[in-house]
Structures are given as structure tokens and as C-alpha cells.
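# following is a predicted model, sequence given first.
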Amino acid sequence: MTVTYTHKTHTAGCIGGLTRLLFIWKGSLFKQIFAEVVLYFGLYFALSLVYRYVLFYNPESKLVWELFCMYCEKFSKVIPISFLLGFYVTQVVSRWWAQFMSLPWPDTLARYLAVYLPGTDNKSRDVRRTVCRWVNLGNVLALRLVSYKVMLRFPSYEHLVESGLATNKEILQLKQLDEIVHRRHQISWYPFMWAQNLLRTTRKEGLISNDWFTHVLIKEIDSMANMNGMLICYGWISIPLVYTQVVTLAVYSYFIACIFGRQYLLPDQYKVEGDRFVVVGDFPKLSNWTGTLVAGSTNIVGYDIHIADFIIPCFTILEYLFYIGWLKVAETLLNPFGEDDDDFDTYYLIDRNVQVAFLMADEAGRQIEMEPDPFNNEFPIELKHTVVSAQYKDDIRPHMPTDDVVLAHEQVQISDSVANSKMNLNLGSKLNLAGSILSTPITIAKYHKTRLNRRHTVHPSFSEHEHYGGRLPPPAFKLRRHSKTVHGMHTPSSVTVNHVGEKKNELRIPSRQLRTNSTTLTASVPESIQEESMEELRSRKNGDTTELIKMKTDRKPRRIQVIVKEPSEEREQDKDKKDKKGEERKKSLDENKQGFEAGGGAAMGGEFDGDMFDGDW
């Protein structure tokens, strides 16, 4: 039975609050290792007596014993006992708690049966009780495979019939299934299948109102069956035996060495005279340490002469309690279904699950009348206290980290300044543009290099946001021609990037459309910069140089720039080598441009001439 002690630690004591737990015997450290402590230190003191009263009077035997004890003391420190034991116990404790969490509980299923399969008639009640009995039967079949105590309580199928968990007909089916699998596989899942089939039949008879309720009940039964399977797996697959053996061997080897290495020795005191050691006295006595300790003396076995003979190894006893007790923790928790004090209460679990499940099944059809509101339709300020509980009213409201924050009158005033804003935007601009600017990509069309010609920007400078009256410039625009994207006319590739340079799919945004004889231009350009854009384009209208328009975004989001660069000398030479066909095409586009300006190009805020669609954007 599990030892519960939390009721003794509900309040921390002033001095050594947990020391009161040291006096609990059941499940305690002292009960676990008492016999081993007596055996170990009984052997320790027996060897000490042999040394003091037998070997002490034989100088050669005494010297050999002392050298062997020092050898054990020196090399016992190479055993990594703390590392091995600590890691092993951690794994065992995790496994122990996982096994407890794998125990199936029929409470949820019983509550679902009460709600989804109500009724006080005999049929509904019998179905609920039968389902509860079958799932508990499956639990007991699983526990019989992993728990020694449960197997002692139900050693055969006939004992399940005597306990009322199964009938003779059901036990006959279990035995037949055992014969089919030649007793090689566990069959704890069989009663769960009976319960699921019974619910399916009940649904066909209309006792369960809809299929969803049936599904919930069947899934809950399936969950309990899976937990039983996990429980069986824990009993089947253990922590590797070699790991357990290594830890056990390391711990006991270390303390076997400590039986010799922690002995109090009484080596003779020596001094060097010439080329040999000469005995100058016995080991100093504790009662007359200064009178028996020879100045400048030493011992030839390497024993620390400053350690007096206290006879009882106090710190060795503590070390033994800690390490052996640690190992006993792993030994106890390795199989929590046994007969140790801290093992699971399997008998109680079986009886409790059966009783609670049947109680819920029987109470399903009973209704309780709704009573008047005890608070008289008022808000319950605080529930009543007893005289004793009123003494602990120190948790009326939890103390939050910002409760002690106090601001001066000047600090709580509303500020109108946006000078300190990293993006130089007011709060309204941030809220209005958060969804559009950050999520809208920028479309850049790449055109073939052989079709370079005079071109002008269709988008004004976006380097300063003040042109927009406090608003950010639009993050993207698209070009079309004859209802066909420019990308498909003059370029083998196009790319759409967002504000951090990631490729995204193109996004068509609502925009203003301006038409000419051959071109439909679609762009999102605010009206506040159209006049300024117009002046800029007109100033470049008669220029002969080729301009490379490139649009890019800096690392700060919501900041778009258009950089105009002069072309290289190679492009100037290519321009001079244009053929007659190119001149004719340019003339045709000039006519289209004039028609565009006459048809409303000013409203766009941009002006176009030359092969405006042949450049690199």
C-alpha cells in the first residue's frame, strides 16, 4: 500500500520541517535497509577486531593488512557510483510514474453512459451495468499479467466467476480464445470488444439517440483497452538487464572496497636513519595525542597519521545510507505492482473501479430537482469561513508582478510626439497598415537584356514617406498589356519578393486602371505623389540616356525605395546600333504615348515614352 505523508507536511515547520518524516517506519529508508546496514557494519567491526587483537601483534601481517586497506581506499574512488546510480534512478522514477498514468479508470466511461444512455428501464440499466462489468473484467485480466498480488487474488478464470466479474459462458469464450492462440498472446482486449458490440446493438435498438453518442462511448472503451495494452508493455519490456546489473555491481563493489579502505589503522611511526626506516613509536593515542605523536615521524603505508582512531566510521555509515538507500528507491519502484510498502494499491483499485462504475450506472436515471438560488440572484462576494479558516485569510487576492508599479503624474500623461518611434509612424498608421504592408509582396519584372531602350519609371521615389501625408507608400504594383501581364510579353522570368526578400506568389491588389490604345497600366500609386511624379517624368522626357530602374526594399519593413541608375557604356553602344525595325516600333509607341496622355495619363501621375516595357524593373 502506498505510504502517504503529505498530510504531515501541509505547513513547513520553523526548524527542520521534514525531520518529522524521519520517524515514520512504514516505507521508510531505515525499514528498507535495516538488515543490510546491520550485516555490513557487523562485518566491518569484525574485521576491525581481527586487526586490533590478532594482526596487531604480528608485524608482518599487520603491515600487509595496512597496505591492502590503503590500496582499497585509493582505487575505490575510480568507481563512478554517483553518475551511474543517479541516472539509473532518474529513469526508474520516470518509468514508475508512467506506469501509474497507464492505469485505466472507468469513471469517464460511466459518466458518458449516464448521459448518452439514460433511462430507468431494465434494458438501459442492464446495458450500462454490463458495459461497466466488462471493462472492469478487461482491467483485471491485464493486471493479472503484471501484478503478483492480483494473480494471487484471481489465480484462475473460475475465481473471476466467483467474484462476479464474469459468467460461466463468458469464461468459456475466454478459454476458447486462449486455445486458439495457444496461450501465446494476452486476451485482455476481448471483453472490451464485447462492450463495443453491445453499444452498437443498443444504437440499432434506439436506446442511444444518435451516432455521435455511440462514437464517443466506443472511443472511450477503446482508450481504456489501449491503456491496458500499455500497462502490459511495461510489464513485458523492462529497463535493460545489463544496465541494472552495472549499477548494482558498481554500488556493492564500492562498499565492499570501503569495508577495508575505511578501516581505522594503527601504523607504526617511522623515521629515516641512514638508508632504512626505524620504528620510533606506536600510532598516536587519542587520549594523549601530543605525548605519543613523534615529531618528524611518518608511516610507510601512506596512511594519514593525522586521522585519529575514532573506532566508529560515522561518515562511512552516512555514505552507506545515502547510496544504498538510493539503490533501494530504484529497487522498489522498478516494479510497482509487487508487495512493497510503496507499490500501487491494486486491490483497492480493482474494488474501487467496480463499485464506482456500477454506482454511476445505477444513478444515471435518477433526477435531482432544481432548488432556488442560495445566493438569491446576487453576486457571491465571498463564501463563509469557519473560525479556524479565518486565521489563514492571507490569499484573498494573488500579488501580481506589476502591483507595486507606481508612476508619477508626468509619466502617465498622453504623449502626442512620435519622434521616438523607430518607424516614425503614429499609432493609427501602424494599425491601419499592419495587415496590408507586411503581408503584401512587391512584384519585380525582369526583362530580356537585348530589348533595352529608353525607359522611365512608372513609380515615383518612395524614399520618404512624408509624400503620403503620414502614410506609407504602396508595397506593390503590377503592369498589364492587352489584359496580359508584362511578365509573359518580354521576359522569360519574373519574381515576387516580400519585405524580407522571401519569394511569394503574386497578389493582385485593387488599383486604378488607365487605358491607351495598346496598353492597360495597373498600379497602386497614391494621388498625393502623382503631381510630383509627373514633374519628374516630364523633366526626363527628352533625355537620350538609358535609365535602369530597380526597385528594392531595405531591411526595415514598410520602407520602399526606387533607385535610378545611369546605364553602362555598353548599353549606350547598343542603343546606337538599333535597326530600322526598332525605330519604327519606337515611333508607334510614341503615338500610343500621346494618346495615353490625352486619355488621362495625368490622373495617373506618370508619363511614358519610348520602349517603356522593354527595360529591367
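Received, thanks.
# what sits against residue 128?
Contacts for residue 128 (Cβ atoms under 8 Å, 6 or more residues apart in numbering) come out as 110, 113-114, 117, 361-362, 364. Every C-beta, even on glycine, is put in place using the N, C-alpha and C of the backbone.
# which residues touch stretch 89-108?
Here stretch 89-108 makes contact (Cβ under 8 Å, 6+ apart) with 132, 135-136, 139, 220, 223-224, 227-228, 230-231, 234, 239, 326-327, 329-330, 333-334, 336-337, 344, 349, 353, 356-357, 360.
# which ones among the residues you listed map onto helices?
With DSSP state H as the criterion, helices contain 132, 135-136, 139, 220, 223-224, 227-228, 230-231, 234, 326-327, 329-330, 333, 349, 353, 356-357, 360 from among those.
# which of the residues you listed are buried, as a ChimeraX select command?
Here is the ChimeraX selection string for the buried members of those, based on 16 or more other Cβ atoms under 10 Å:
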select :132,135,136,139,220,224,227,228,231,234,326,327,329,330,333,349,353,356,357,360
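# below-threshold pLDDT in the stretch 451-600 of the chain: ranges please.
Within the stretch 451-600 of the chain, the set of residues satisfying pLDDT under 70 comprises 451-581, 592-600.
# to clarify, my last question referred to the stretch 251-400 of the chain.
364-365.
# one more: the stretch 1-150 of the chain?
The stretch 1-150 of the chain contains residues with pLDDT under 70 at 1, 13-14.
# at 80 what do you get?
Where the stretch 1-150 of the chain drops to pLDDT under 80, the residues are 1-2, 6-17.
# I'd assumed residue 199 was in contact with residue 130.
No - between residue 130 and residue 199 there is no contact under Cβ atoms under 8 Å: 10.2 Å.
# out of those two, which sits in the more crowded spot?
Comparing residue 130 with residue 199 by neighbour count (other Cβ atoms under 10 Å), the higher total belongs to residue 199, at 23 against 14.
# for the helix or strand hosting the more buried one, packing partners?
If you go by DSSP states H and E, residue 199 is part of helix 190-204. Packed against helix 190-204 by the contact rule (3 or more Cβ pairs under 8 Å, 6 or more residues apart in numbering; DSSP states H and E) you find helix 122-146, helix 168-180, helix 211-236.
# out of those, the one nearest residue 16 is which?
Proximity to residue 16, assessed across the helices and strands packed on helix 190-204 by Cβ to Cβ, is greatest for helix 211-236 (37.4 Å).
# can you select the buried ones among the contacts of residue 128 for me in ChimeraX?
Here is the ChimeraX selection string for the buried members of the contacts of residue 128, based on 16+ other Cβ under 10 Å:
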select :110,113,114,117,361,364
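# kindly indicate which of the contacts of residue 128 lies nearest residue 320.
Distances from residue 320 to the contacts of residue 128, taken by Cβ to Cβ, are shortest for residue 110, at 49.7 Å.
# give me the nearest residue to that closest one, chain neighbours excluded.
Closest residue to residue 110 apart from its sequence neighbours, by Cβ to Cβ, 6 or more residues apart in numbering: residue 360 at 3.7 Å.
# distance of that neighbour relative to residue 128?
Per Cβ to Cβ, to the nearest Å, residue 360 is found 8 Å from residue 128.
# dump the helices and strands packed on helix 190-204 into TSV; add distance to residue 267 as well.
Output for these, formatted as TSV (distance: least, Cβ to Cβ, whole Å):
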stretch	distance to residue 267
helix 122-146	56
helix 168-180	70
helix 211-236	54
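# need the winner for burial among those helices.
Among the helices and strands packed on helix 190-204, helix 122-146 has the highest mean neighbour count (mean count of other Cβ atoms under 10 Å), at a mean of 21.
# that one: what's the following helix or strand?
helix 148-153.
# contacts for that next one?
140, 143-144, 159, 337-339, 343, 346-347, 350.
# give me that answer again for 10 Å
Under the contact criterion Cβ atoms under 10 Å, 6 or more residues apart in numbering, helix 148-153 has outside partners 139-145, 147, 159, 163, 335, 337-339, 343-347, 349-350.
# then stretch 297-306?
62-71, 73-74, 263-272, 277-281, 283-284, 289, 293-294.
# if we use 6 Å, what do you get?
In this structure, residues lying in contact with stretch 297-306 by Cβ atoms under 6 Å, 6 or more residues apart in numbering are 66-67, 70, 265, 267, 269-271, 277, 280.
# equivalent analysis for stretch 110-117, please.
Contacts of stretch 110-117 (Cβ under 6 Å, 6+ apart): 124, 128, 132, 208, 213, 217, 220, 357, 360-361, 364.
# from residue 355, how far off is residue 409?
Counting by Cβ to Cβ, the gap from residue 409 to residue 355 is 67 Å.
# quick check on these two: which one has the bigger neighbour count.
residue 355 (11 against 6).
# next one: the more buried one from residue 361, what distance?
Taking Cβ to Cβ, one finds residue 355 at 11 Å from residue 361.
# ok, back up a step: nearest to residue 372, out of the helices and strands packed on helix 190-204?
Among those, the nearest to residue 372 by Cβ to Cβ is helix 122-146 (31.2 Å).
# and the angle from the closest one to helix 211-236?
20 degrees (axes from the mean of the first three to the mean of the last three Cα atoms, to 10 degrees).
# and the angle from helix 122-146 to helix 168-180?
Angle of helix 122-146 versus helix 168-180, following the same axes, to 10 degrees, is 40 degrees.
# got the angle for helix 122-146 vs helix 190-204?
Relative orientation of helix 122-146 versus helix 190-204 (the same axes, to 10 degrees): 160 degrees.
# thinking again about what came up before, pull the most distant pair out of the contacts of residue 128.
Spatially, the most separated pair among the contacts of residue 128 is 117 and 362, at 12.7 Å (Cβ to Cβ).
# between the helices and strands packed on helix 190-204, which one is nearest to residue 84?
Here helix 211-236 is closest among the helices and strands packed on helix 190-204 (Cβ to Cβ), at 22.9 Å.
# any idea which helix or strand comes after that closest one?
Taking DSSP H and E, what comes next after helix 211-236 is helix 241-261.
# buried ones in that next one, by neighbour count?
Neighbour counts over helix 241-261 (16+ other Cβ under 10 Å) mark 244, 247-248, 250-251, 254-255, 257-261 as buried.
# would you turn those residues into CSV with distance to residue 32?
Below are the buried residues of helix 241-261 laid out as CSV (distance: Cβ to Cβ, whole Å):
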residue, distance to residue 32
244, 17
247, 17
248, 15
250, 19
251, 14
254, 19
255, 16
257, 23
258, 20
259, 21
260, 25
261, 25
